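Enquirer: No sequence on hand, only this structure:
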């Protein structure tokens, strides 16, 4: 059907046919869904391409509330939660990790309350306030395998964009062993300016 703000929902048939539905995931700050884990394990996690593309469209991820650490009012989070709640999650289990990728806490239970508790801890250990924006920010996408290509490494750049002055510099150290995935290079080269490319995407 259609759920959330007009999202056509296509989900894995084995998930829908299951008598008991359990999600497992990792909670960390997410650059346009606020945090990963929780409802994202259903959609986009188990969703078909048509659903994934709508959840990642320019209207949703371009919204000012679609950013790191924001859950309430985040259009992406609202839509993925609507989908997960409509399909029924019997039990949800998410973990939070430290910088070495060691599990430091596990949360289980009803999907939304579990995710709220996990994001509260994650916010405290993974997000640090700064007194003022910086002229230069050096960032990564947390190393292998998360920096496998330029598309994935944008996540690290997006985090840096939160704390750099307007017109400042962001330097991203990423291996990018896979270079540009799919048609990403063509997309980046398809327009004469960033503004023109964004207009084309919209």
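Expert: Right, received. Where do you want to start? Keep in mind that this is a model prediction, so the values were computed, not measured.

Enquirer: what are the bridge partners for residue 103, then?
Expert: Using DSSP bridges, the bridge partners assigned to residue 103 are residue 97.

Enquirer: My read is that residue 110 contacts residue 88, right?
Expert: No. At 11.5 Å, residue 110 does not count as touching residue 88 under the criterion of CB atoms under 8 Å. All C-beta spots, glycine's among them, are computed from the backbone N, C-alpha and C.

Enquirer: Quick check: residue 194 vs residue 159, distance?
Expert: 19 Å (CB to CB, to the nearest Å).

Enquirer: Neighbour count: those two, which is higher?
Expert: Legend: neighbour count by other CB atoms under 10 Å for residue 194 and residue 159, higher for residue 159 (20 against 9).

Enquirer: Would you double-check that the more buried one falls in a strand?
Expert: No. Assessed by DSSP: H, G, I helix; E, B strand; the rest coil, residue 159 does not belong to a strand; its assignment is helix.

Enquirer: what sits against the one residue sitting closest to the centre of the chain?
Expert: With distances taken as CA atoms, centre = their mean, the chain has residue 30 as the residue nearest its mean C-alpha position (3.9 Å). Counting by CB atoms under 8 Å, 6 or more residues apart in numbering, residue 30 touches 36, 40, 68.

Enquirer: again, but for residue 111
Expert: Residues in contact with residue 111 (CB under 8 Å, 6+ apart) are 23, 38, 39, 84, 85, 89, 92.

Enquirer: Wait, a helix at the first one?
Expert: No. Using three-state DSSP, the secondary structure at residue 23 is strand, not a helix.

Enquirer: Flag every buried residue along the strand ranked longest in the chain.
Expert: Ranked by residue count, the top strand of the chain under DSSP state E comes out as strand 164-172. By 16 or more other CB atoms under 10 Å, the buried positions in strand 164-172 come out as 164, 170, 172.

Enquirer: Make a markdown table out of these and add pLDDT and distance to residue 138.
Expert: Converted to a markdown table, those look like this (pLDDT from 0 to 100; distance: CB to CB, whole Å):
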| residue | pLDDT | distance to residue 138 |
| --- | --- | --- |
| 164 | 97 | 10 |
| 170 | 97 | 8 |
| 172 | 96 | 8 |
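
Enquirer: can you list these in JSON lines and add distance to residue 201?
Expert: Converted to JSON lines, the buried residues of strand 164-172 look like this (distance: CB to CB, whole Å):
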{"residue": "164", "distance to residue 201": "23"}
{"residue": "170", "distance to residue 201": "21"}
{"residue": "172", "distance to residue 201": "21"}
